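**Student:** this one's sequence-less:
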């Protein structure tokens, strides 16, 4: 059993980490911090946890966190990078669910997050935690930048064709993405209240979104091609549902791509992945099929001979956040990759 | 006051026609038919109408319908074409809210709807009822094919750039469309029940959808270019909301298009249209802003120099169906185009 | 045409007043205030109003408001009472949609709202604006306290049996009430965000709710009996929907009540009321049947010989707030009572 | 490991049984039947199960079912009673999630379900499967009638005061119950479609509901008092959410009840129950706190000195159906009562 700390346990990724980790066979949450709820029982704030834990929130205390084997940061951007170096020095691994360790390009980080990076050297040593694509590096990492929810769908959706040779035209990629409201976190914000979001649908961030540079950098790494993804389009939308994310990805095929058996390519690429499900031809992945589950489902369509449509669905709080973070933890500590992550989606 | 008949008054477009027409200053609904509810008061089925009408459903009786000035068919595909000729012969105008008079291409009609067309000659004389684009023809028409809900967003969203000269690459069009569940009608179908749709999001019809040929034919007519739209992509999605539709349209710009002031182009194109609203740059049209209103809102983005993103939102049951049908009726009978259609969207 | 001011136009009752008044044949909104949005166009905040008004928010300026014939306060509790006397002195009528003029009992007001009343004398002269029950007084009033949403359902639901002689046992009343989330207003509050309310149901305020004393005082006035309603129970619940309110009211019948034809009693009591609909025996009023409409629907059941169950449904923002306020305005100025209020509920 | 059969695996209780049993440490599902889906993989119908099972639907074959240690009937009323005797004779235990073994009163059964009972003798030997209240009998039972969802909330909500001496007036009980839509099952029915239920609230079954006689019989058994519950009121309502059920129960206290410490009474009564949670005074149990969990949460209020309000929340598909059924199976086979049932509620 390893001991775990969670910094920032009052948000949705925090409570989702608890839901998973309180049932994890190899990990025990020892420390749970909150700036505002010091001393309060976590099950008082989240009654779903009643009967499952006696944990109380505490103030952030680095000495306590250093006693942990791993600390998850379920905090706003900019918190993890302040403390990561000291934790690593104490032999405590760090998994940041915010953006501090997602972008290697410091200029992009500072442009999109408005922050100077506090530890650029540590950033260089950190690993981008897309488990299926960076498994070996994750196993060796001390610091993980857990991917953004949207970028997870895009990378897993595109990796098979991007890693293959010249099947697609990279600059043609269009990502029309849709997310449930929990993706915006647990914040008292007028734009997030029920009556502003129920029975409504809209795009947002069309002119620019923080996940765009993360997607570009990640696709460059996957494909080994620099500079060919700068013109991709990424348009997120807000769906009146709590959890769930679907990205519809459009991409032009080359002649080689048009002739390839892409369904077979995807099935082979993910044949040994238990958390990525390539559905049979003709399927449509529904977000509810992964509600609460650490699973991403993909379906492929070629409605025109040279155009590929990729549908990729996940629970934004699980495979898109807390579940993937635990998957990374499992890799880092040599546990079974599925430990704690075998829950079946709640349908209906 | 004209007298109005509605054939098929138990579905959502039927009750929406009633909601509008019972408040119309120039029209009175005299006949309301249903195959299954003969003799039942309509306000017994739809209590929202209690206090507003004493209408009862009757069996379809052509003699009664012929006494009407206009008959709306809010029926499944294939009903209107059986009766339209006889009604027109009796000097009764016909507005079909199903697909019988949408497609001039008989082969496409038969392919997608599985029906032989009953009156191809009358079809040739009918007018496609996209009010803003075909206003003059509608005024003279005896038979109107009311557009599909998705095609309405696509046509109004694209008309300004397609009617201009060589601003866009027509074969690059991708339409990622999202609809509320009421678009599927009022039917006892397992796939439509609450617990299958709430808190869920999915694509459907990716391999092919009936609105695809309608969109292609309509864009050809708008642009005057044949054969250049065959490869467009149209991918509809289902949103867990009752009403509302948003199409996100992606299109590559030519050099001329990249240099043009498209915001100004759109604002001028629709300057005199009261039911099409070009929002200021940077806006995002929310479906709830048109809930219950005969309005379509458009916003434009150029996230890349040569790529245009068009957002077009409407209420699928109003501007996408019953509202547009009444707008067409107003044109056909010389009423103020806005008569009965000035309701303000219900927000929140 | 009278001129109208609205103080507090950024909340849901404010925008609902605008939706109704911008279509009112006898009234024109001239002034719209906001503490925070001075100078902003209202249709920038609420795009549903685009094309229907050019109004801008202004700071609260009493001199401007005094030029109006009537001023609606769609503000937090405690604002209207600060300005009402000065407005009345200038011959401007006041309709407060908050609680300042609902309770004649000052001690109760101060207990539940935490405010000393600023104008107790004016309070005595004000009229409680339950249109159907206080019509004659409303016609003469200068200041109206518009009822709370829950109390409206309770009073209209109970008035026929309470005004009749000894049909019910008043201390047995139990009100199990359910409201959509918009009833809590438009505020940046953690408890109101989408992901905290969707797919969820709960009671709240069980130990005590501000509408309890308002209900008690109102039922005393209706029945002419003091002190017999103190032990009634009122338990509100929160429903994951935007608009809508249903109160399920339980009451023990006396022997006389058990023998009476209560369905007939209710139908007669409301026979001339266009905004209260007594449904046929066996009906169940759905909230969606009154969505956006100034209508309250009632159904009665006697599942046991001496127990009456009353179901009363309304749109909390219309008959429960803005619609009733306009109905009161119509009475005060001698307009047709239904002016501006004939919209049909949006179903589906 | 015991072997399990599920008859009727296409409904919501069927898929919920699978979600639980596929993770159960002591049970393996061997047979899954469907009248309509013979040969189809269950994960084709319910993609949430992809990767978790290879089960296929088969036709109902009693010989196959007899090989199982236990068979769950997740079928319409009337199916289990046809086959139970033969299964029991083959030493296979039966747990019926429908109503065949809930009511000992045959006249009530035939009145409310319109069926003659097929095996009245076996019914007498069967046990009503409210695990917490009938634990010892369940351990010995061959046939279990799994309780209805509403009755579960009522019995667990009332048991402590009914088993105590003369604290309450039994004929005063009023149950105002609210359920998510999944409680109506997975059926192609017009009344259940999304657009008829979303953003809506209503009562139903006010004149009479099948769960009323079940509640009366159960409360008689709990209290040992016959004939005193006939006049209780039970009014169910439909909430626009998928899962979740809250019963608000009103009851008059005797003088003894008014003086008793009911909070302490409840806490003691359920002190050793891991699936019944008496919340601290002042709490309000939210349905989402038990989403997907085999948990029922209770809170108590005394808003008036002699009136008790009991709030009882559960997931209708888990503690109200499939979860309780597995809890009964655990008891019948001597497994840990919590085996397979330790999942934490999905919040948000």
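**Tutor:** That came through, no problem. Everything quoted here is computed from the prediction, not taken from an experiment. Residues are numbered from 1 along each chain as shown, chains lettered A, B, ... in the order given.
**Student:** Please list all residues in contact with residue A:137.
**Tutor:** Counting by CB atoms under 8 Å, 6 or more residues apart in numbering or on different chains, residue A:137 makes contact with residue A:127. Backbone N, C-alpha and C define where each C-beta goes, glycine included.
**Student:** so where do the strands sit in the stretch 201-348 of chain A?
**Tutor:** Under the criterion DSSP state E, counting those that start in this stretch, the stretch 201-348 of chain A contains strands at A:202-203, A:233-239, A:245-252, A:276-278, A:296-304, A:307-314.
**Student:** wait, which of the ones you listed is closest to chain D?
**Tutor:** Nearest to chain D, of all the strands of the stretch 201-348 of chain A, is strand A:276-278, at 5.5 Å by CB to the nearest CB.
**Student:** Can you list the helices and strands that the closest one packs against?
**Tutor:** Using 3 or more CB pairs under 8 Å, 6 or more residues apart in numbering or on different chains; DSSP states H and E as the contact test, the elements touching strand A:276-278 are helix A:262-269, strand A:296-304.
**Student:** returning to what we had before: select, out of the strands of the stretch 201-348 of chain A, the one closest to residue C:141.
**Tutor:** Shortest distance between residue C:141 and the strands of the stretch 201-348 of chain A, using CB to CB, is found for strand A:202-203: 42.3 Å.
**Student:** Next to chain C, which bits of the stretch 101-250 of chain A? Give me the list.
**Tutor:** Residues of the stretch 101-250 of chain A lying close to chain C (CB under 8 Å from any CB of the partner chain) are A:180-182, A:186-190, A:192-199, A:240-242.
**Student:** Now find how far off-centre the top helix by length along chain A is within its chain.
**Tutor:** Longest helix of chain A, by residue count under DSSP state H: helix A:149-163. Put simply, helix A:149-163 sits 12 Å off its chain's centre (CA atoms, centre = their mean, to the nearest Å).
**Student:** now stretch A:210-224
**Tutor:** The answer for stretch A:210-224 is 14 Å, by CA atoms, centre = their mean.
**Student:** Does it reach chain B?
**Tutor:** No. Stretch A:210-224 lies out of reach of chain B by CB under 8 Å from any CB, never closer than 8.7 Å.
**Student:** Flag every buried residue along that stretch.
**Tutor:** By neighbour count on 16 or more other CB atoms under 10 Å in any protein chain shown, the buried set for stretch A:210-224 is A:210-223.
**Student:** in the stretch 1-150 of chain A, which spans are strands?
**Tutor:** Using DSSP E, counting those that start in this stretch, the strands found in the stretch 1-150 of chain A span residues A:2-7, A:27-33, A:70-73, A:93-96, A:127-128, A:143-145.
**Student:** what residues does chain A put near chain D?
**Tutor:** A:12, A:15, A:19, A:22-23, A:46-52, A:182, A:186, A:198-199, A:242-243, A:274, A:277, A:279, A:283, A:285-286, A:288-293, A:295, A:297, A:317, A:342-348.
**Student:** Put the buried members of those residues into a PyMOL selection.
**Tutor:** Once 16+ other CB under 10 Å is used to decide burial, the buried members of those can be selected in PyMOL as follows:
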select buried, chain A and resi 12+15+19+22+23+46+47+48+49+50+51+52+182+186+198+199+242+243+277+279+283+285+286+288+289+290+291+292+293+295+297+317+343+344+345+346+347+348
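**Student:** Can you flag which of the residues of chain A next to chain D belong to helices?
**Tutor:** Reading helices off those with DSSP H, I get A:12, A:15, A:19.
**Student:** Now do stretch A:31-41: everything it contacts.
**Tutor:** Defining contact as CB under 8 Å, 6+ apart, one finds that stretch A:31-41 is touched by A:4-10, A:14, A:18, A:42, A:45, A:54-61, A:64-65, A:67-68, A:71.
**Student:** which residues does the nearest residue to residue A:333 once chain neighbours are set aside form a beta bridge with?
**Tutor:** Closest residue to residue A:333 apart from its sequence neighbours, by CB to CB, 6 or more residues apart in numbering or on different chains: residue A:2 at 5.9 Å. Beta bridges link residue A:2 to residue A:27 when assigned by DSSP bridges.
**Student:** Next up, the contacts around residue A:2.
**Tutor:** Applying CB under 8 Å, 6+ apart to residue A:2 gives the contacts A:26-28, A:68-70, A:333.
**Student:** What is the nearest of those residues to chain B?
**Tutor:** residue A:27 (29.2 Å).
**Student:** Neighbours of the closest residue to residue A:138 other than its chain neighbours, how many?
**Tutor:** Nearest non-adjacent residue to residue A:138, counting by CB to CB, 6+ apart: residue A:331, 4.6 Å away. A count of neighbours around residue A:331, defined by other CB atoms under 10 Å in any protein chain shown, yields 22.
**Student:** swap in the one 4 residues further on?
**Tutor:** Other residues near residue A:335 come to 18 when the count uses other CB under 10 Å.
**Student:** just checking, it touches residue A:26?
**Tutor:** Yes. Look at residue A:335 against residue A:26 with CB atoms under 8 Å: they come within range, at 4.8 Å.
**Student:** Any quick ChimeraX command for the buried ones out of the contacts of stretch A:31-41?
**Tutor:** Here is the ChimeraX command that selects the buried residues among the contacts of stretch A:31-41 (16+ other CB under 10 Å):
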select /A:4,5,6,7,8,9,10,14,18,42,55,57,58,60,65,68,71
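**Student:** Let me know the distance separating the closest residue to residue A:262 other than its chain neighbours from residue A:264.
**Tutor:** Using CB to CB, 6+ apart and skipping residues adjacent in sequence, the residue nearest residue A:262 is residue A:300, 5.7 Å away. According to CB to CB, to the nearest Å, residue A:300 and residue A:264 sit 10 Å apart.
**Student:** Just list the residues touching residue A:260, thanks.
**Tutor:** Contacts of residue A:260 (CB under 8 Å, 6+ apart): A:164, A:167.
**Student:** Repeat the analysis, applying 7 Å as the threshold.
**Tutor:** residue A:167 (CB atoms under 7 Å, 6 or more residues apart in numbering or on different chains).
**Student:** Look up the pLDDT of it for me, please.
**Tutor:** pLDDT, residue A:260: 97.
**Student:** Distance of it relative to residue A:160?
**Tutor:** Residue A:260 sits 10 Å away from residue A:160, going by CB to CB.
**Student:** do the same with residue A:142
**Tutor:** 30 Å.
**Student:** residues contacting residue A:60?
**Tutor:** Counting by CB under 7 Å, 6+ apart, residue A:60 makes contact with A:7, A:33.
**Student:** can we see that at 8 Å?
**Tutor:** Contacts of residue A:60 by CB under 8 Å, 6+ apart are A:7, A:33, A:35, A:83.
**Student:** Only the buried subset of the residues you listed, as a ChimeraX command please.
**Tutor:** Paste this into ChimeraX to select the buried members of the contacts of residue A:60, with burial taken from 16+ other CB under 10 Å:
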select /A:7,33,83
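**Student:** which residues touch the residue nearest to residue A:322 when sequence neighbours are not counted?
**Tutor:** Spatial nearest neighbour of residue A:322, excluding adjacent residues (CB to CB, 6+ apart): residue A:16 at 3.8 Å. If you count contacts by CB under 8 Å, 6+ apart, residue A:16 has them with A:317-318, A:321-323.
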